[in-house]
Structures are given as C-alpha cells and as structure tokens.
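Colleague: Sharing a model that was predicted from the sequence below.
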Amino acid sequence: MMLERLHVAAIEPDSVTSQGGKPAERPACVAVRRLTLTEFRCYGQLRLETEDRPVVLTGANGAGKTNILEAISYLVPGRGLRRAKLSEAVRDGGHGWAVSAAADVAGREIEIGTGYQPAKSDERAGAREKRIVKIDGEVVKNQIALGQNMSAQWLTPQMDRLFLEGAAGRRRFLDRLILGFDPDHASPVAAYDHSLRSRARLLRDGVKDTGWLASIEDSMAAHGVAIAVRRKDAVERLLPYCGSPYGPFPGAEVTLTGELENWLAEGPALAAEERMKERLAKSRDYDAENGSASVGPHRSDFAVRHMSNGSEAARCSTGEQKALLIGLVLAAARLQAHERGHMPLLLLDEIAAHLDRERLAALFDLLFEMGAQAWMTGTDARLFAAWGARAQMFDVHQGRIIH
C-alpha cells in the first residue's frame with residue numbers, strides 16, 4: 001500500500017522579512033513542508049520540499065502545475081478542486097495513487113495522507129473503489145478527519161463563471177468556505193447526498209415500500225435542515241468579514257435563498273423538518289419522473305451582491321466577478337484564522353487571469369500580510385516577480401520540478 005510509509009520532515013523556523021526589511025512575525029497558518037505524490041496524474045513520483053512562504057509554480061499549459069494543486073486539495077474532505085473521479089487521477093499504467101504531506105498546522109507537526117485503491121479483480125461485481133486516509137500513520141474511517149486536521153480554500157479558472165452558471169456550483173463554493181472554519185459540516189452534507197441518491201434510485205426502480213421511503217425521507221429532512229441551519233449560521237459569521245472592501249477587492253453582501261431557508265425564517269428547525277418530510281412524501285410521483293427531490297438544501301442558492309455599486313454578481317464585469325470571488329475566499333480565510341487560530345492553505349490556480357497588475361500586486365501583499373501559505377500557478381513567471389524572496393519559485397516542465 002502506497003501510504004504505508006509517511007515520515008514527518010524536520011521543521012525549522014523561518015525568518016520572515018517585511019516589506020521594510022525588518023523581521024516580521026507571520027501569523028499561524030497551515031503550511032505544507034514536504035509534499036509527496038505517487039502515481040498521481042503525470043507524476044510517477046514527486047517529492048517537493050517547501051517552507052511556509054507562498055509557493056509559485058510556473059510553466060507551460062499542460063506541464064503539471066494544476067495537478068500539484070489538485071493533489072493538495074485531496075488532503076481535505078471532498079472530491080478535490082477538479083471534482084474528478086478518483087480513478088481519473090491515476091497515472092497512465094499506475095494502480096492507484098497516493099498523496100502525502102508533512103505539514104505544520106499552527107505549530108503542530110502532522111503527517112497526513114490519502115490515496116485511491118481500485119477494487120480488486122477478485123472482489124464481487126460492483127465493489128466500490130476505496131479512498132484511504134491516514135493521520136500520523138493511522139488509518140481513519142472517513143474523510144472528515146482530514147478537515148479536522150487540515151484546511152484549504154481554492155480558486156480555479158473554471159470558477160470564474162460561478163455567478164453566471166447554475167446554483168450547484170455556488171452551493172459547492174459556499175460549502176467549501178464553510179468547511180474551512182466548520183469541518184464537521186462535511187458530515188450532514190455527505191449523509192444528505194447519500195439519502196438523496198438512495199431515494200432517487202428507489203423511485204426510479206418503482207419501489208412502493210412506503211416505510212422504506214419514509215425512513216430515507218426522515219434522514220433527508222434531518223440532515224437537510226442541519227445543512228441549511230449550518231449554512232445560515234456560517235453566512236451570518238462571514239458577513240462582518242466580507243461586508244467591506246479588503247484592499248482592492250470589493251465587499252460583498254451574501255444571502256441564502258430557497259424554500260427551506262424561508263421555512264427556517266418562519267419557524268423553528270423542527271417545524272421545517274416536518275414540512276420537508278410532508279413535501280417529500282407528497283412529491284414522490286413527481287420526483288420519480290424528474291429523478292431528484294423537489295425540496296431540500298440542494299435547491300438553495302448562494303446570492304452575492306457587489307457592495308460598492310449594488311449590482312448582483314452576475315451583472316458585474318468579468319474582472320469584478322474575479323475580485324468578488326477572491327474577496328470572499330480571503331474573508332473566509334480571515335474568519336477561519338479568528339475561529340480556528342490559523343490561516344488555511346490557499347490554492348490559487350492561474351490566479352493572474354482577469355486581474356489587472358494593480359490588483360495582482362495588491363493580492364500578493366495581502367497574502368503575505370495574512371501569513372497564508374498560498375500555492376499559485378501561472379504560465380508567465382514575470383507576473384510573480386513582485387514577490388521576490390517572499391515566495392518560493394518553481395518551474396514545472398513536463399511533470400518535473402525545476403528549482
């Protein structure tokens with residue numbers, strides 16, 4: 001098994017220099033000190049040693065820069081920044097993959113790893129692929145332990161259309177923000193998704209067992225309302241951090257919209273659960289035809305408005321939308337630093353796209369001031385020259401790292 005051997009790298013304190021040349025104490029953060037990839041995407045074997053400073057990966061398109069960020073994103077709960085199937089990340093000719101890291105989490109050394117183990121050929125038909133998670137050398141039962149030990153936020157070029165496309169992407173974006181400061185949010189989300197799929201499968205297959213369906217709908221209502229309550233609470237906690245500009249990144253007004261949210265505004269959570277169960281029971285025939293459920297947190301939306309000009313995010317320019325997204329991620333990171341005592345990892349893929357030089361330079365300064373270990377990618381190393389010695393620069397060429 002590729003995760004059998006994980007070692008903690010020695011962690012030496014870094015001396016950090018502020019813009020004025022004087023030593024500056026960096027805020028507590030999550031920092032990867034050693035990253036190891038095995039049979040992951042284009043990497044047969046990669047070992048990368050880093051400090052807690054920001055990391056910049058430059059190289060041509062297709063060189064393997066985003067693959068490194070994706071690997072890191074698997075060290076927190078979820079499907080990674082590409083939302084790919086586990087099997088899709090296996091290197092050609094490989095049998096499974098593994099990602100491990102020696103990390104510093106606010107001064108605490110930890111070794112953390114995850115990997116994909118395909119179903120064996122001699123296992124029963126339909127056997128599920130396995131994702132293995134290890135914390136300090138011990139196998140843990142599920143991914144939730146990842147979020148309790150590591151945290152990361154990310155932005156990818158695909159998210160630049162977040163405000164223009166369907167609500168599903170915005171819900172995932174919000175849930176990812178929440179996981180940074182509330183890692184237990186992963187539990188009701190996973191349970192609800194499982195119940196939602198189970199009910200849809202039963203309805204599709206024409207199962208008429210009302211007791212079985214009612215049991216699943218009870219679970220959907222309990223977990224669905226829990227998700228809505230957590231989202232509502234998280235947005236209220238996030239508002240003070242995203243409601244005003246952060247450098248050149250605009251403040252944002254964020255709200256949740258949906259029938260479930262309306263019920264919670266009208267009464268207690270238990271009443272919302274009962275209404276949801278009743279609605280699900282009445283809509284079985286309709287939902288069987290449509291292959292989903294007509295009510296639940298999967299129907300909610302995350303609305304964002306530009307505070308300075310009052311425009312809905314969807315009506316803002318491409319540059320303004322990118323600035324809003326960055327502002328929301330920075331706000332969530334600051335909230336996490338307040339509530340958990342450390343900054344998360346920030347994975348910023350092709351971050352220079354749609355940002356003018358002024359905003360890009362300001363982002364560099366803000367990341368440094370926040371003390372976050374940001375992993376950034378780009379095709380033009382000159383765009384990151386302003387970082388100077390404040391960042392670690394690596395060139396990626398055809399699946400190899402060149403210092």
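Modeller: Cool, got the structure. Computed from a predicted structure; not experimentally measured.
Colleague: so residue 91 touches residue 45, yeah?
Modeller: No: counting by Cβ atoms under 8 Å, residue 45 is not a contact partner of residue 91; they are 9.7 Å apart. Quick note: C-beta positions are derived from backbone N, CA and C, even for glycine.
Colleague: neighbour-wise, which of those two wins?
Modeller: Legend: neighbour count by other Cβ atoms under 10 Å for residue 91 and residue 45, higher for residue 91 (19 against 10).
Colleague: Show me the shaky parts of the stretch 301-403 of the chain.
Modeller: For the stretch 301-403 of the chain, applying pLDDT under 70 flags no range at all.
Colleague: Helices of that one, residue ranges please.
Modeller: 318-340, 357-370 (DSSP state H, counting those that start in this stretch).
Colleague: re earlier: which neighbours do residue 91 and residue 45 share?
Modeller: Residues touching both residue 91 and residue 45 (Cβ atoms under 8 Å, 6 or more residues apart in numbering) are residue 39.
Colleague: how is this protein carved up into domains?
Modeller: Listed by automatic domain parsing, the domain ranges of the chain are 1-151+345-403, 161-343.
Colleague: Out of these, name the one with the poorest average pLDDT.
Modeller: Among the domains of the chain, domain 1-151+345-403 has the lowest mean pLDDT, at a mean of 84.
Colleague: What is the longest helix of the protein by residue count?
Modeller: helix 210-242 (DSSP state H).
Colleague: Roughly how far does the nearest residue to residue 43 once chain neighbours are set aside sit from residue 200?
Modeller: Ranked by Cβ to Cβ, 6 or more residues apart in numbering and with sequence neighbours excluded, the top spatial neighbour of residue 43 is residue 37, at 4.5 Å. Per Cβ to Cβ, to the nearest Å, residue 37 is found 36 Å from residue 200.
Colleague: for residue 258, same thing?
Modeller: Computed as Cβ to Cβ, the residue 258 to residue 200 distance reads 19 Å.
Colleague: neighbour count winner among the two?
Modeller: residue 258 (20 against 17).
Colleague: Was I right to think that one contacts residue 301?
Modeller: Yes: Residue 258 lies in contact with residue 301 (Cβ under 8 Å); the separation is 6.2 Å.
Colleague: which of the residues in the longest helix of the chain are buried?
Modeller: Burial within helix 210-242, assessed by neighbour count using 16 or more other Cβ atoms under 10 Å, is assigned to 213, 216-217, 219-232, 234-235, 237-239, 241-242.
Colleague: Now do the helices in the stretch 101-250 of the chain.
Modeller: Using DSSP H, counting those that start in this stretch, helices in the stretch 101-250 of the chain cover 144-149, 167-181, 186-204, 210-242.
Colleague: so which of the ones you listed comes closest to residue 307?
Modeller: Nearest of these to residue 307, taken as Cβ to Cβ: helix 210-242 at 8.6 Å.
Colleague: next structured bit after that closest one?
Modeller: strand 252-257 (DSSP states H and E).
Colleague: Contacts for that next one next, please.
Modeller: By Cβ under 8 Å, 6+ apart, strand 252-257 touches 228, 231-232, 235, 238-239, 242-243, 300-307, 313, 324, 327-328, 331.
Colleague: what comes up buried for it?
Modeller: Neighbour counts using 16+ other Cβ under 10 Å place 252, 254, 256 of strand 252-257 among the buried residues.
Colleague: picking that back up, ranking the helices of the stretch 301-403 of the chain by burial, who's on top?
Modeller: Mean neighbour count (mean count of other Cβ atoms under 10 Å) peaks for helix 318-340 among the helices of the stretch 301-403 of the chain, with a mean of 21.
Colleague: Report the angle between it and helix 167-181.
Modeller: Counting by axes from the mean of the first three to the mean of the last three Cα atoms, to 10 degrees, helix 318-340 lies at 30 degrees to helix 167-181.
Colleague: Counting by contacts, list what helix 318-340 packs against.
Modeller: Packing contacts for helix 318-340, counted by 3 or more Cβ pairs under 8 Å, 6 or more residues apart in numbering; DSSP states H and E, involve strand 152-155, helix 167-181, helix 210-242, strand 252-257, strand 301-306, helix 357-370.
Colleague: Between helix 210-242 and that helix, find me the angle.
Modeller: 100 degrees.
Colleague: so how far is residue 56 from residue 379?
Modeller: For residue 379, the distance to residue 56 - Cβ to Cβ - is 12 Å.
Colleague: higher neighbour count, these two?
Modeller: Just comparing residue 379 and residue 56: by other Cβ under 10 Å the higher neighbour count belongs to residue 56, 24 against 14.
Colleague: what about residue 66, how many neighbours?
Modeller: 21.
Colleague: picking that back up, just checking, what packs against the longest helix of the chain?
Modeller: helix 167-181, helix 186-204, strand 252-257, helix 259-266, helix 269-282, helix 318-340.
Colleague: which residues are in contact with whatever helix or strand comes next after the fifth one?
Modeller: Past helix 269-282, further along toward the C-terminus, the next helix or strand under DSSP H and E is helix 284-290. Residues lying outside helix 284-290 but in contact with it, judged by Cβ under 8 Å, 6+ apart, are 199, 200, 203, 204, 206, 213, 280, 293, 294.
Colleague: Now with 10 Å, please.
Modeller: 199-200, 202-208, 210, 213, 217, 279-280, 283, 292-295 (Cβ atoms under 10 Å, 6 or more residues apart in numbering).
Colleague: just the buried members of the residues you listed?
Modeller: Buried by 16+ other Cβ under 10 Å: 199, 200, 202, 203, 213, 217, 279, 280, 292, 293, 295, out of the contacts of helix 284-290.
Colleague: from memory the first one sits against residue 224, does it?
Modeller: Right, the one you point to is residue 199. No: if you go by Cβ atoms under 10 Å, residue 199 and residue 224 don't touch, sitting 11.4 Å apart.
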